[in-house]
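Please work out how this folds:
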Amino acid sequence: METGPTGGALGSGDASAVSVSQWTFEISRRYQHVLDKTVPHIVGRWIGCLALMVIYAVRVYLVQGFYIITYGLGIYLLNLLMGLLSPQVDPEMEDGPSLPTRESDEFRPFVRRLPEFKFWYSIMKAFSIAFVMTFFSVFDVPVFWPVLLFYWFTLFILTMKRQILHMIKYKYVPFSFGKQRYDGKKASSKESTNLPRD
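Numbering: from 1, shown residues only. Predicted coordinates for the structure are as follows:
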């Protein structure tokens, strides 16, 4: 007879609970492994995300309903976008390291409150859940969708205005394209002839 960690005998209920927990642990480990393998494939991940968005949009268009689900999804996506565009430490709080404001300040890279991978993963989960919800009529609340669309655009404009003013006030840009990069390359021969010699 097998004994458990406390020295007692394992019953049939305990053995099935252990096998279920091992099974769920193995499934979650494999799922995490697949997610980890997708991290460097940014373009492929976003193409898959775009495909899921199109599938969801086609589903909502064909059933002509579930606008309240789509509105909730839009509000959630707006919240995620604000996390992507915001710095990890808010400059207004001044608790952590601040963003450089002068050229003489030490360079500190922009660290997002919500990293790109978590942004993508949250969008994928949100669209997947919303897609599944469209198969249950209990979530199809009758609503006049143009009002929801107008309200969402108003909320988007006001939120983005506030975020852009925050970026201007604290002088940060949450994107890396167009910024000067230092990748350790040697200067070209033309540039090296103009360098002062010691």
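
in what helix or strand does Phe150 lie?
Using DSSP states H and E, Phe150 sits in helix 145-170.

Trp46 too?
helix 42-63.

the helices in the chain, which residues?
Secondary structure of the chain (DSSP state H): helices located at 12-38, 42-63, 67-85, 116-133, 145-170, 189-193.

can you tell which of those is closest to Met93?
Among these, helix 145-170 comes nearest to Met93, with 11.3 Å by C-beta to C-beta. For the C-beta atoms, the positions are set from N, CA and C on the backbone; glycine is no exception.

Show me what that closest one is packed against.
Packing contacts for helix 145-170, counted by 3 or more C-beta pairs under 8 Å, 6 or more residues apart in numbering; DSSP states H and E, involve helix 67-85.

Tell me, how many residues neighbour Pro91?
Number of residues near Pro91 (other C-beta atoms under 10 Å) recorded here: 17.

scratch that, Tyr67
For Tyr67, using other C-beta under 10 Å, the count is 19.

ok, it touching Gly74?
No. When contacts are counted by C-beta atoms under 8 Å, Tyr67 is not listed as touching Gly74 (10.1 Å).

if we can go back for a sec, who are the packing partners of the helix holding Trp46?
Against helix 42-63 (3+ C-beta pairs under 8 Å, 6+ apart) you get helix 67-85, helix 116-133.

quick check: angle from it to helix 116-133?
Here helix 42-63 runs at an angle of 20 degrees relative to helix 116-133 (axes from the mean of the first three to the mean of the last three C-alpha atoms, to 10 degrees).

can you pull the buried residues of helix 42-63?
45, 49, 52-53, 56, 60 (16 or more other C-beta atoms under 10 Å).

Dump those into TSV; add distance to Val89 as well.
Formatted as TSV, the buried residues of helix 42-63 follow (distance: C-beta to C-beta, whole Å):
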residue	distance to Val89
Arg45	27
Cys49	28
Leu52	32
Met53	31
Tyr56	34
Val60	38
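
With respect to Thr38, which of these is nearest?
Closest to Thr38, out of all of the buried residues of helix 42-63 and judged by C-beta to C-beta, is Arg45, at 5.6 Å.

The closest one and Ile164, how far apart?
27 Å (C-beta to C-beta, to the nearest Å).

ok, and the closest non-adjacent residue to the spatially most central residue of the chain?
Among the residues of the chain, the one closest to the centroid is Phe119, at 0.5 Å (C-alpha atoms, centre = their mean). Distances taken as C-beta to C-beta, 6 or more residues apart in numbering place Leu84 nearest to Phe119, at 4.9 Å, with adjacent residues excluded.

Could you point out which of the helices and strands packed on helix 42-63 sits nearest Ile27?
Per C-beta to C-beta, nearest to Ile27 of the helices and strands packed on helix 42-63: helix 116-133, 16.6 Å.
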